[in-house]
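In: Sequence plus predicted model, see below.
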6 protein chains.
Amino acid sequence: MRILVVNPNTTASMTATIAAAARTVASPGTEIVVAQSRDGPVSIEGFFDGAMSLPGLLAEIAAGERDGVDAHVIACFDDTGLDAARSLAAAPVIGIGEAACHLASLVANRFSVVTTLSRSIPVLEQNLARYGLAARCGRVRAAEVPVLELDDPGSDARRRISDEIRLAIRDDRAEAIVLGCAGMAPLAASLATEHGVPVVEGVSAAVKLAESLYALGLKTSKIGAWTAPRAKARGAAAEFLAAENRP
Amino acid sequence: MRILVVNPNTTASMTATIAAAARTVASPGTEIVVAQSRDGPVSIEGFFDGAMSLPGLLAEIAAGERDGVDAHVIACFDDTGLDAARSLAAAPVIGIGEAACHLASLVANRFSVVTTLSRSIPVLEQNLARYGLAARCGRVRAAEVPVLELDDPGSDARRRISDEIRLAIRDDRAEAIVLGCAGMAPLAASLATEHGVPVVEGVSAAVKLAESLYALGLKTSKIGAWTAPRAKARGAAAEFLAAENRP
Amino acid sequence: MRILVVNPNTTASMTATIAAAARTVASPGTEIVVAQSRDGPVSIEGFFDGAMSLPGLLAEIAAGERDGVDAHVIACFDDTGLDAARSLAAAPVIGIGEAACHLASLVANRFSVVTTLSRSIPVLEQNLARYGLAARCGRVRAAEVPVLELDDPGSDARRRISDEIRLAIRDDRAEAIVLGCAGMAPLAASLATEHGVPVVEGVSAAVKLAESLYALGLKTSKIGAWTAPRAKARGAAAEFLAAENRP
Amino acid sequence: MRILVVNPNTTASMTATIAAAARTVASPGTEIVVAQSRDGPVSIEGFFDGAMSLPGLLAEIAAGERDGVDAHVIACFDDTGLDAARSLAAAPVIGIGEAACHLASLVANRFSVVTTLSRSIPVLEQNLARYGLAARCGRVRAAEVPVLELDDPGSDARRRISDEIRLAIRDDRAEAIVLGCAGMAPLAASLATEHGVPVVEGVSAAVKLAESLYALGLKTSKIGAWTAPRAKARGAAAEFLAAENRP
Amino acid sequence: MRILVVNPNTTASMTATIAAAARTVASPGTEIVVAQSRDGPVSIEGFFDGAMSLPGLLAEIAAGERDGVDAHVIACFDDTGLDAARSLAAAPVIGIGEAACHLASLVANRFSVVTTLSRSIPVLEQNLARYGLAARCGRVRAAEVPVLELDDPGSDARRRISDEIRLAIRDDRAEAIVLGCAGMAPLAASLATEHGVPVVEGVSAAVKLAESLYALGLKTSKIGAWTAPRAKARGAAAEFLAAENRP
Amino acid sequence: MRILVVNPNTTASMTATIAAAARTVASPGTEIVVAQSRDGPVSIEGFFDGAMSLPGLLAEIAAGERDGVDAHVIACFDDTGLDAARSLAAAPVIGIGEAACHLASLVANRFSVVTTLSRSIPVLEQNLARYGLAARCGRVRAAEVPVLELDDPGSDARRRISDEIRLAIRDDRAEAIVLGCAGMAPLAASLATEHGVPVVEGVSAAVKLAESLYALGLKTSKIGAWTAPRAKARGAAAEFLAAENRP
């Protein structure tokens, strides 16, 4: 099968990090196709960045559909555009935030999320409430590490994230940690070893869930919330799907 | 004061309907400035249309900010882009969906929403849950009337909406009705008379709430969820605010 | 329009504070009529005081109805008697607690309430749950300032309230503050300046919401929860409405 | 022990019904003292009646305290004034509504309430939410029987209540029924036999819970929500407690 | 009446403690029959122990049914096996955890639970959510005292429990305390005196509730959740009920 | 990897059905080991059967641990014993009920569950609430098909299940269906085709989630809810793990 993993920000080093995380866990028969938004913010930090990333993200999803991929992964922990992408695509779509949180709830009665900046906390709390997993989440915490600092070798980002994990275990009664940013993927294994609890990372989690849905023949339901956009006189959806020419 | 009322779809007749609804209830000292998205779907029906309307909508909000308006109203019942607009703007922002539902809860212990198509039901249910008003809402119902049919004099849209209101009162124990689309504004008064219950329409409700916030000197808090976008190396937010040149 | 603002306690200095807060924000065409309960507690602190204030409060609402006011405001942050007053009155009724919290949710994703004594916390938590706004409220806090101390120039009430606001911003992630007592109205502006977040005060908020409902032609629904009391053989409601002679 | 059972309406035939229900289940060592409000509505149907019944009800609670009763029962299914009475009294106070619903949850995973008029439904829903038992309640139903008709031998009240029970079992998946009015007490046994499910009646339930609390030495906590009213310069509470002279 | 009180662990000293707690509060006409599981864990600490105690517990319930007891009490605060026991038995079944929490909610707006080990916290949180009382519970706390240490006179268990109660009152705004283990029964009275708040203990609470249900003629509903097990070809339930021979 | 799939009932034909469902979707490198409880009910229908199946189920989990399997699947839709099994095992444990519901929430905004008998509805509702997925579930429905009838070729079980699916789509707004019994696995594909919505079956879903956790290196957290049972003087857990000799 082929899974399209879309980085909805425009930072190439982050796309490379995402690609590596996805390929590490992909099954032998799975081809990981990675795309990066052509337009949009360099990183997604809060509601405004999320909104601005949507056209670029949805263009990549539309391109993936034309290319006939078997599943899509949205590689931003905010699961930005997830509902819209599911409406647009015939193939199933997984957000890395939901993927990590669903799997965390299978290995921990209670988990905490450690994300980058505190402005993302309400975004993630809103998602958790919607997914139904809010009651399983002790707290959404921010390490106050800007997204792009995660790629900076000189930064003390890892230390700050580790500190926050310590607090989550002690104060939230967290039994597992969910890393709240795609850029944290390379840190998961060492943080799990350091703290002795499961540390769940979204990109890899989403790849495995995408493979699972594909193996089970499950695709997004097309009645109700995620029904396909209507054809309209001059409707954006129709135009968007038709006019997007991706070489 | 000046209130910018943005129609986030691209249909001029609907913009005219919205303008009329806003101006009817505006206080003497209030100037209503109406804007229509330059790009985006002709109507917003479901999650995908909502996502596609965001850049056009946010461009108008940004333009309003440069023009120094005192408040913004997003005239789509889905409150599309509300969080992003609040992050972007210094002036307060009101969505017509939240406006109608908050006011309905002051005149009815329990209200139902009657919207256009059933694909919008999950969008509105998600909003109600987030606003905290889900418990006050009996049910979100769809009259299965496409948005643009509301402008069609030959349509039986009004009858179908009225039928749904009857069911809401009988089966949901609704004590008031919220009309779930800006295009339904002209119907509110006659439906209230017909059914003998308050019928709340969002455009007018939002104008009064915008006036209220202005009179009270209340603006969006800039710490937490709706803090201003960060300046970034090549960030979309900064570019967006700077480069948008609206005559 | 004429708005009756009822102070349901019997302290004249507090009635004066309430009148000033209401008149400051009233629109040019709005006449504020202020009433004070003739019987009842000197201040409302907790469930018992709230219950004891009801006959006096409802007598003023009944008098306002006979006088033909266009809206009623109950100027106690506990929203004491709100359901009963809505049943009794034809004109809409707004409680200052609900008014402040609804408006706060439009300018802050998360707010905290700072009230007087901790015995009022459960009253307010119960109200927030009922209004649906509990999830938007970080915490209801008490500054441990008795109501009547707010009128005492020698008290350090302002400092204690300000301290509690500081904790709310730091520990509750509050993005705005709601002042939980009518007597705090004069402090709102300076506290907002001091802390740099919106500070919402209920009396002024309720006046603007009452004006809004009036402008929109919205009155309390008379089916369901707030239907008018039944006429009964020797029923208190009928007697109450008939026999109350207010010069 | 002595339990004061207060009927907060002013209808003597209903007080007699309540007294009989209480005495039937009282333990050998329990003396049931029955009181009836001297002022207030002849029946309590909805929020307004409930508010108007409070002074009369609280006067009886205060009298019971002076007489040194060991527990109080408020014999209105709306549990009107429960929080205020708990603040006022040193002895524990039980509402018949809460009593019936707590016990019903011990014999049924899911119960429905059948009350008199639909205007009482929101009162009871609000109580159930506050007690935490809303999730265990299938539905609050009204048989549309005015309270005083329950005492009328010629009425078809029993048939209408029975019909509603049938619907509750069929449509709500109710496994037990709670009768939502003190006046329904005489019907409980025959309705249980007729429908083959537990039918819980509040007066008798409250008597047993009052005996239970007494036997366990449990009294209302006096920190927090139900702390005693403050002494105030001219406060209603102090006056109320002092001046009430009951022969 | 006869109440069977089952200790679902196999520790005789704990059974003696439970018997004493039950008999202290039983009414004159109540006979307390005490049983101890023949097989199972020596103490129940967490989910696994709870599961392993079920056959032993249910065998005692089955034996009690054959003996014709009028009610059953499961004397483990986890209410282990409560749903299964209710399905099995014709007589009503009360768990000591639910008993204590329901009664605590009648004397305190907000209570906290103090249990033994932190591994039991999720068990109790799950129960509270299911009973609907989670919103009334400030926090479930663990004193980190293993169950069997409660019987050890040399242990400092009482001091650690008392410390936790102090924190609950200060930090959780708890107005009452529920002791989260049958073995803590002997401590309830002195802890209540020490801390000045109601301290509710489950064994005694359950005995009074069992007496209450019996006096009211209330038994477990046999439609829905707790319907009797089906007869099956080689079904465990049928066999279990038939083959269990208890002298 | 090796996955132990345990059928916790004692019916061999059902074990065969489960084995087939598991093997159909297993990845090339996955070995499915199937076990059947040696003692316990022939089918699990309701709370009592669930409790009675625990020792047999946990014995198989313990045996699997000794055999060094990489993951366990509990092949009963009630997820019976899931918490206890997770405490017991070092390898991750997946219940087929949670597996199906988590995956359903990725392809449908709203799903309904169709199970066998109505006595299982409360079991599943309780699970959904605990997993956090209750808000995503329209309704848990029963086709009133006893479990073992699913294996009977002459039964009209499939028709009754299909009828219930039709109602779920029409009345619950279900966008996908979860089949609420392991024995329904063979029906999933044809029902999906017939109704045009995703039909999720738990055994196959659990196998894919078990493979996913294994690939990601995620195991059950051993702090908090699912910490390993304590060693006790004569504790069942220690004995159970030591004494179980499975050839």
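Out: Here it is on my side, so go on.

In: which residues in chain A form helices?
Out: Remark: helices assigned in chain A by DSSP state H are A:12-25, A:47-52, A:54-67, A:82-88, A:96-107, A:121-131, A:157-171, A:188-195, A:202-215, A:236-243.

In: Going by mean pLDDT, which of these comes out lowest?
Out: Within the helices of chain A, confidence is poorest for helix A:236-243, with a mean of 51 (mean pLDDT).

In: Take the helices of chain A and write them to TSV, including mean neighbour count.
Out: Yep, even glycine has a C-beta here, placed from its N, CA and C like the rest. TSV is the format used below for the helices of chain A (neighbours: other C-beta atoms under 10 Å in any protein chain shown):
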stretch	mean neighbour count
helix A:12-25	19
helix A:47-52	28
helix A:54-67	21
helix A:82-88	26
helix A:96-107	28
helix A:121-131	22
helix A:157-171	18
helix A:188-195	16
helix A:202-215	27
helix A:236-243	16
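
In: Just send those helices back as TSV, with distance to residue B:105 too.
Out: Shown next, in TSV, are the helices of chain A (distance: least, C-beta to C-beta, whole Å):
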stretch	distance to residue B:105
helix A:12-25	43
helix A:47-52	24
helix A:54-67	31
helix A:82-88	26
helix A:96-107	31
helix A:121-131	20
helix A:157-171	35
helix A:188-195	44
helix A:202-215	37
helix A:236-243	33
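
In: so which of these comes closest to residue C:182?
Out: The closest of the helices of chain A to residue C:182 is helix A:121-131. By C-beta to C-beta, the value is 30.4 Å.

In: ok, the closest one near chain B or not?
Out: Yes. Helix A:121-131 is in contact with chain B by C-beta under 8 Å from any C-beta of the partner chain, via A:121, A:122, A:123, A:126, A:129, A:130.

In: Now the closest residue to chain D within chain A: closest residue in space that isn't a chain neighbour?
Out: Among the residues of chain A, residue A:135 lies nearest to chain D; the distance is 13.3 Å by C-beta to the nearest C-beta. Leaving aside its chain neighbours, residue A:135 sits nearest to residue F:132 (5.2 Å; criterion: C-beta to C-beta, 6 or more residues apart in numbering or on different chains).

In: And the residue nearest the centre of chain A?
Out: residue A:96 (2.6 Å; C-alpha atoms, centre = their mean).

In: Pull the contacting residues for that residue.
Out: Residue A:96 is in contact with A:73, A:74, A:75, A:76, A:77, A:79, A:182, A:202, A:203, A:205, A:206, counting by C-beta atoms under 8 Å, 6 or more residues apart in numbering or on different chains.

In: near chain E, which residues of chain A show up?
Out: Counting by C-beta under 8 Å from any C-beta, chain A sits next to chain E at A:109, A:110, A:173.

In: Now pLDDT and neighbour count too, for the residues you listed, in CSV please.
Out: Output for these, formatted as CSV (pLDDT from 0 to 100; neighbours: other C-beta atoms under 10 Å in any protein chain shown):
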residue, pLDDT, neighbour count
A:109, 97, 25
A:110, 97, 24
A:173, 96, 19
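
In: returning to that earlier point: and which of the contacts of residue A:96 is nearest to residue C:47?
Out: residue A:79 (43.3 Å).

In: what's across from the closest residue to that closest one other than its chain neighbours in the sheet?
Out: Once flanking residues are discounted, residue A:79 sits nearest to residue A:95: 3.1 Å by C-beta to C-beta, 6+ apart. Beta bridges link residue A:95 to residue A:74 when assigned by DSSP bridges.

In: Contacts only, for residue A:95.
Out: A:73, A:74, A:76, A:79, A:80, A:82, A:202, A:206.

In: could you measure the last one against residue F:219, distance?
Out: Remark: distance between residue A:206 and residue F:219 (C-beta to C-beta, to the nearest Å) = 20 Å.

In: Would you confirm that residue A:49 contacts residue B:229?
Out: Yes. Look at residue A:49 against residue B:229 with C-beta atoms under 8 Å: they come within range, at 6.4 Å.

In: Can you pull the residues of chain A lying near chain C?
Out: Within chain A, the positions near chain C by C-beta under 8 Å from any C-beta are A:118, A:121, A:122.

In: tell me which of the residues of chain A next to chain E is nearest to residue F:213?
Out: residue A:109 (15.4 Å).
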